[in-house]
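Asks: just to be clear, the model below is a prediction. Sequence and coordinates:
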Amino acid sequence: MPYIASADHAPQDLATPSDDADMFELAPVSLWLEDFSGVRALFDEWRAQGVTDLRTFLQSNPPRVAECASRIRVIKVNHKTLALFDATDFGELTGNLAAVFRDDMLKTHLEELCQLWSGQSHFMSQTVNYTLGGRRLDVLLKGTVLPGHEARWDRVLVSVEDITELERTRQRIAHAEQYARGLFEHSPVSLWVEDFTAVKRLLDEVRAQGIVDFRVFTDVHPEFVERCMQEIHVLDVNQHTLEMFAAPDKHTLLARLPDVFRDDMRPHFREQLIDLWEGKLFQQREVLNYSLDANEVHVHLQFSVLPGHERDWDLVLVALTDITARKKAEAYLEYLGKHDVLTKLRNRSFYVDELNRLERKGPYPVTVVMADLNGLKRVNDQLGHAAGDALLRRAGEVLSKAMEMPFVAARIGGDEFAILMPGTDERGGVAMIETVRKLVELNNQFYPGSPLSFSMGAATVLRGERVEAGVQRADLLMYEDKRAIYAEEQTRARNA
């Protein structure tokens with residue numbers, strides 16, 4: 001309640017000069033009573049000389065800052081000051097001020113001077129002092145021209161707060177942040193910091209509608225997956241990300257995210273959403289992205305909602321390891337497992353598997369064309385295996401050109417080939433043989449040297465028959481064709 005004066009109890013001053021002295025002396029912070037009149041006089045001289053920009057004036061001649069400092073006279077300090085600076089008494093402290101105020105302090109002293117020059121009656125700075133024992137002190141310095149002394153600045157009260165531990169803590173935090181940032185920026189994997197808040201909100205809305213089977217829901221509503229992809233907010237990426245996705249800078253990458261997350265990525269992202277729906281906040285999977293130059297980027301994705309952000313998913317770390325080279329190697333090994341390297345056709349292993357599959361599933365009728373490359377042994381013996389390999393490559397070109405899905409051609413032996421034609425009758429087999437012969441004629445016109453020639457036979461298998469039986473019949477017909485071709489060649493040779 002407010003204080004009410006009365007006749008019997010007149011108000012009294014609560015502080016006396018003695019109290020003021022005690023408060024100064026026993027204050028828990030370092031206090032300095034100083035005389036800045038010498039600085040004021042120096043400022044007046046400089047103004048008279050036409051100085052208007054003190055900062056530029058002092059920076060052009062740093063000794064002038066030290067000159068200002070030398071004009072300050074310390075009148076008295078309190079007990080906390082002596083303890084802080086390891087001084088036994090006032091005389092020891094003031095006799096060694098050059099050891100206390102040195103090095104970096106003159107830089108911050110310039111800022112204090114500029115504040116006074118601009119007409120302020122107070123100043124503040126963070127600076128460095130030293131104890132008489134040489135220990136560094138980070139201090140927060142605040143000064144005020146006392147009331148009644150604004151004209152001459154002959155009484156200025158300065159407080160010095162020791163913030164050494166605070167500054168060390170700040171530096172440790174700054175160092176930790178710099179270290180963490182360095183790890184992030186220079187990580188050898190692509191790192192993305194993302195905000196999934198909107199994605200979580202969408203999932204919560206769907207759950208609130210009573211949806212239980214999220215997989216079925218996304219089957220019926222594939223547009224929901226697309227919408228969730230659009231709601232991902234990327235907060236930051238590191239340098240390796242820019243390199244991996246061929247982006248010149250972060251702004252360009254973030255502006256073109258739809259070019260990165262598209263097409264074949266959608267099924268992977270749908271699985272990611274299903275895992276999130278089921279509460280899996282840490283995930284690993286292989287996904288497909290695209291670089292800004294439109295190349296496929298296969299990555300191993302590690303997704304983690306960071307600890308402390310499980311409620312909103314507002315901070316998510318995504319790490320992407322580029323496995324494109326591995327995927328290409330796997331694809332090539334898979335290719336080698338099913339293809340003949342020389343002719344680029346399917347190999348015998350694929351042929352056997354496909355025969356078994358057609359045996360089980362059809363579709364029937366199935367037509368098989370067996371083909372044998374004529375004269376390969378003669379070319380190898382007379383011209384060498386390089387010439388024979390060239391003839392095999394030409395055979396592969398012709399048979400590959402003749403194929404249309406779902407037909408496939410395979411090299412099943414040195415000079416033996418097979419064409420499998422599911423869902424095709426006898427007429428389809430005859431047409432295939434005719435197509436191959438026409439392509440052989442064109443090929444021989446294009447390539448000089450040894451002519452390309454096939455012996456061929458076709459057979460059709462109906463439902464209930466073994467496909468292998470059709471292969472045997474086609475083989476017999478192919479050998480009949482070969483005998484006829486050789487007989488014709490012998491006849492031409494005798495008549496020549």
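Replies: Received the coordinates, thanks. Numbers count the residues shown, from 1 in each chain.

Asks: which pLDDT value belongs to Glu25?
Replies: pLDDT, Glu25: 90.

Asks: element containing it, please.
Replies: helix 17-26 (DSSP states H and E).

Asks: quick one: that helix to chain centroid distance?
Replies: Here helix 17-26 is found 62 Å from its chain centre; the criterion is C-alpha atoms, centre = their mean, to the nearest Å.

Asks: parallel or antiparallel, list what pairs with the next helix or strand after it.
Replies: Along the chain past helix 17-26, the next helix or strand (assigned with DSSP H and E) turns out to be strand 30-35. If you go by DSSP bridges, strand 30-35 pairs up with strand 73-77 (antiparallel), strand 156-162 (antiparallel).

Asks: any chance of these in JSON lines with distance to Ala198 and mean neighbour count as columns?
Replies: (C-beta placed from N, C-alpha, C; glycine too.) Output for these, formatted as JSON lines (distance: least, C-beta to C-beta, whole Å; neighbours: other C-beta atoms under 10 Å):
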{"stretch": "strand 73-77", "distance to Ala198": "60", "mean neighbour count": "16"}
{"stretch": "strand 156-162", "distance to Ala198": "45", "mean neighbour count": "19"}
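
Asks: before we move on, back to that, so the helix holding Glu25 versus strand 73-77, what angle?
Replies: Helix 17-26 and strand 73-77 are oriented at 100 degrees to each other (axes from the mean of the first three to the mean of the last three C-alpha atoms, to 10 degrees).

Asks: show residues contacting helix 17-26.
Replies: Helix 17-26 has contacts (C-beta atoms under 8 Å, 6 or more residues apart in numbering) with 15, 31, 33, 76, 78-79.

Asks: Arg346: which of the residues you listed is nearest?
Replies: Leu31 (93.1 Å; C-beta to C-beta).

Asks: would you map the helices across the stretch 351-496 of the chain?
Replies: With DSSP state H, counting those that start in this stretch, the ranges of helices along the stretch 351-496 of the chain come out as 376-383, 385-402, 426-446, 467-495.

Asks: could those go into TSV alongside mean pLDDT, distance to Asn238 and mean neighbour count?
Replies: Output for the helices of the stretch 351-496 of the chain, formatted as TSV (pLDDT from 0 to 100; distance: least, C-beta to C-beta, whole Å; neighbours: other C-beta atoms under 10 Å):
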stretch	mean pLDDT	distance to Asn238	mean neighbour count
helix 376-383	91	57	15
helix 385-402	94	45	18
helix 426-446	95	53	15
helix 467-495	88	56	14
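
Asks: switch those over to JSON lines; also include distance to Glu243.
Replies: Below are the helices of the stretch 351-496 of the chain laid out as JSON lines (distance: least, C-beta to C-beta, whole Å):
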{"stretch": "helix 376-383", "distance to Glu243": "50"}
{"stretch": "helix 385-402", "distance to Glu243": "38"}
{"stretch": "helix 426-446", "distance to Glu243": "45"}
{"stretch": "helix 467-495", "distance to Glu243": "52"}
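
Asks: please name whichever of those helices is nearest to Val160.
Replies: When these are compared by C-beta to C-beta, helix 385-402 sits nearest Val160, at 87.8 Å.

Asks: from the chain's centre, how far out does that closest one sit?
Replies: Remark: helix 385-402 is offset 46 Å from the chain centroid, using C-alpha atoms, centre = their mean.

Asks: likewise for stretch 120-135?
Replies: 45 Å.

Asks: ok, Leu342 - contacts?
Replies: Shown in contact with Leu342 (C-beta under 8 Å, 6+ apart): 389, 392-393, 396, 411.

Asks: ok, these vs Pro422, which is closest?
Replies: Nearest to Pro422 among these is Arg411, at 19.2 Å by C-beta to C-beta.
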